[in-house]
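> Below: sequence and its predicted model.
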Amino acid sequence: MIPRKKPGRLDDVRSNGWLDAMKSSSPPSKKVQKEAGVEGFSDDAKVGYSSWMFKYPSALKSFQQIVNHAKNKKIVIFLDYDGTLSPIVDDPDRAFISAEMRAVVRDVAKHFPTAIISGRSRDKVYQLVGLTELYYAGSHGMDIMLPIRNELCTNDSLIKSTDQQGKEVNLFQPAREFLPMIDEVFKTLVDKTKEVVGAKVENHKFCASVHYRNVDENSWPILAQCVHDVLKEYPRLRQTHGRKVLEVRPVIDWDKGKAVEFLLESLGFRNSHDVLPIYIGDDRTDEDAFKVLRGRYQGYGILVSAIPKESNAVFSLGDTSEVKEFLGSLAKTMENQEI
């Protein structure tokens, strides 16, 4: 049973735009998108889709343009996880990367510095991907793991730790002081949302996620109100929207864009003329990274989406299969010494 609330209280989440944001950040499922396809669009929608593809052309069809721009530059690859390397599924715990995708990512990492920047905890995304060749940033970039190499990073904020293989690594955690608070709010959210059927709360170490993918849309206002009421007691935390998920994170000036900048500088690419960063992602949280690449670094953001939506990206890819094809083409081009 869903707990009864005073109807007036729901005005909080309606008036502050939460419900509109939840709907706008929650496109149809991949299955529905695939079944509809362009052929399922109305004539006006087809025109709109064509206009969108003109604004965000396919990274596959524009591949040679990207390769040409990469001449005499060092490519650095940044990847989101959910919806980019693995398909979006109803149960986040079952968002597994395929063996083929893992092999392609491994091939890419042989030739280019490659990092995964995910909203998941760093340990969880490392467990899912299982490649030691990569750099990992969890909690939307608030938990970054780098190997200990003098030529890579001398940042005073780094702390030494060990990875899951027992190797020494550097960790950069700008929100470390928030750990007890995130643990506390996670437990509170679990308790407050437990009667909302389908709701799932995850602790991603430096942020907490409230998933509503399996919640009936009629219950979204009540779930949003639960989160809203909890956050009233935590002014140092803020709420942001992802793909059918409400994210609770610290109020600090840090996001995936900041994480990209940190990783590039840590890897020795302070001179933006020598590097071509490419970021592939599908979520609203990836927009901060797209924006950074369009600015100082003149890199390429690639949005993974089968439906039109505004973005700071330059190119687009339709789904995870196209991501795999694009990454495979990059690795093959490098092997043929064409970059």
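That came through fine.
> rest of the way, CA atoms for contacts and neighbours
OK.
> all strands of the stretch 1-150 of the chain, in order?
Counting by DSSP state E, counting those that start in this stretch, residue ranges of the strands within the stretch 1-150 of the chain are 74-79, 114-117, 135-138, 143-147.
> Contacts only, for Ile159.
Shown here is Ile159, whose contacts under the criterion C-alpha atoms under 8 Å, 6 or more residues apart in numbering are 170-172.
> before we move on, what about Tyr297?
Applying C-alpha under 8 Å, 6+ apart as the definition, the contact partners of Tyr297 turn out to be 272-273, 275-277.
> what about it, helix or strand, and which?
Secondary structure from DSSP states H and E places Tyr297 outside every helix and strand.
> Can you pull the phi and psi angles for it?
The phi and psi torsions at Tyr297 (degrees, to the nearest 10) take the values phi -90, psi -10.
> And it, how far from Asp216?
With distances taken as C-alpha to C-alpha, to the nearest Å, Tyr297 is found 42 Å from Asp216.
> just to revisit the earlier point, if we take the contacts of Tyr297, which one ends up nearest to Ile252?
Minimum distance to Ile252 across the contacts of Tyr297 is 24.5 Å, recorded for Pro277 (C-alpha to C-alpha).
> Dump the host helix or strand of the closest one to CSV, keeping only the CA atoms.
Assigned by DSSP H and E, Pro277 falls within strand 275-281. Listed next in CSV are the C-alpha coordinates belonging to strand 275-281 (Å, rounded to 0.1, in the frame of the first residue of the first chain):
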residue,chain,number,x,y,z
VAL,A,275,44.2,16.5,-27.3
LEU,A,276,40.9,15.5,-28.8
PRO,A,277,38.6,14.3,-26.0
ILE,A,278,35.5,12.3,-27.0
TYR,A,279,32.7,11.7,-24.5
ILE,A,280,29.8,9.3,-25.2
GLY,A,281,26.8,9.4,-22.9
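> Can you list the strands that that strand pairs with?
strand 74-79 (parallel), strand 300-304 (parallel) (DSSP bridges).
> Just the buried residues of the longest one, please?
If you call a residue buried by 16 or more other C-alpha atoms under 10 Å, then strand 74-79 has these buried ones: 74-79.
> could you give the mean pLDDT of it?
Computed over strand 74-79, the mean pLDDT rounds to 97.
> And that strand, how far out from the chain middle?
When C-alpha coordinates are averaged (C-alpha atoms, centre = their mean, to the nearest Å), strand 74-79 and its chain have centres 15 Å apart.
> How far does stretch 293-309 stretch from one end to the other?
Start-to-end span of stretch 293-309 (C-alpha to C-alpha) is 19 Å.
> Only the buried residues of it, if you could.
Neighbour counts over stretch 293-309 (16+ other C-alpha under 10 Å) mark 293-294, 297-307 as buried.
> could you dump the residues you listed to JSON lines with distance to Met145?
Listed next are those as JSON lines, based on distance: C-alpha to C-alpha, whole Å:
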{"residue": "Leu293", "distance to Met145": "21"}
{"residue": "Arg294", "distance to Met145": "25"}
{"residue": "Tyr297", "distance to Met145": "22"}
{"residue": "Gln298", "distance to Met145": "25"}
{"residue": "Gly299", "distance to Met145": "23"}
{"residue": "Tyr300", "distance to Met145": "23"}
{"residue": "Gly301", "distance to Met145": "22"}
{"residue": "Ile302", "distance to Met145": "24"}
{"residue": "Leu303", "distance to Met145": "25"}
{"residue": "Val304", "distance to Met145": "25"}
{"residue": "Ser305", "distance to Met145": "28"}
{"residue": "Ala306", "distance to Met145": "32"}
{"residue": "Ile307", "distance to Met145": "33"}
